[in-house]
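Colleague: coordinates only, sequence not included:
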């Protein structure tokens, strides 16, 4: 495969992730969309690393994977905590900051 095919795949993955973040209300779907967008950035770094013949992009991608794994644990723990409080994972239910801005 040529690098252009990878760039097209990265653009498609990032676009789908961005649309999922903006248009969905379920926190799990928003989280999975964010992970898809981050994975597309990793693929882009690996592709540039291969095209340029430099290992720096791959090293950064590996570090990003470690950070994403830690972020996943925190985000999933937060979703479980929010579900226990509100019995829902709909992002519209969590509007305490929005209500505070109206009262201020």
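Modeller: Nice, I can see it. As the structure is a prediction and not an experimental result, all values here were calculated from the model.

Colleague: so what secondary structure elements neighbour the longest helix that the chain contains?
Modeller: Counting residues, the longest helix found in the chain (DSSP state H) is helix 56-86. Helices and strands touching helix 56-86, by 3 or more C-beta pairs under 8 Å, 6 or more residues apart in numbering; DSSP states H and E, are helix 27-52. C-beta: built from backbone N, CA, C; applies to glycine.

Colleague: roughly how far does the residue nearest the centre of the chain sit from residue 59?
Modeller: Within the chain, the residue whose C-alpha comes closest to the C-alpha centroid is residue 34; the distance, by C-alpha atoms, centre = their mean, is 1.8 Å. Remark: distance between residue 34 and residue 59 (C-beta to C-beta, to the nearest Å) = 23 Å.

Colleague: looking at the longest helix of the chain now, give me its mean pLDDT.
Modeller: Averaging pLDDT along helix 56-86 gives 89.

Colleague: buried residues in it, which are they?
Modeller: Using 16 or more other C-beta atoms under 10 Å as the test for burial, helix 56-86 gives 57, 60-61, 64, 68, 75, 79, 82.

Colleague: what's around the residue nearest to residue 76 when sequence neighbours are not counted, how many residues?
Modeller: In this structure, residue 76 finds its nearest non-sequential neighbour in residue 31, 7.5 Å apart by C-beta to C-beta, 6 or more residues apart in numbering. Residue crowding around residue 31 was assessed by other C-beta atoms under 10 Å; the count is 20.

Colleague: so who does residue 31 touch?
Modeller: For residue 31, the residues meeting the contact criterion (C-beta atoms under 8 Å, 6 or more residues apart in numbering) are 72, 75-76, 79.

Colleague: of the residues you listed, which is the nearest to residue 47?
Modeller: Here the nearest of the contacts of residue 31 to residue 47, counting by C-beta to C-beta, is residue 72; it sits at 23.2 Å.

Colleague: now do the contacts for that closest one.
Modeller: When the contact criterion is C-beta under 8 Å, 6+ apart, the partners of residue 72 are 31, 35.
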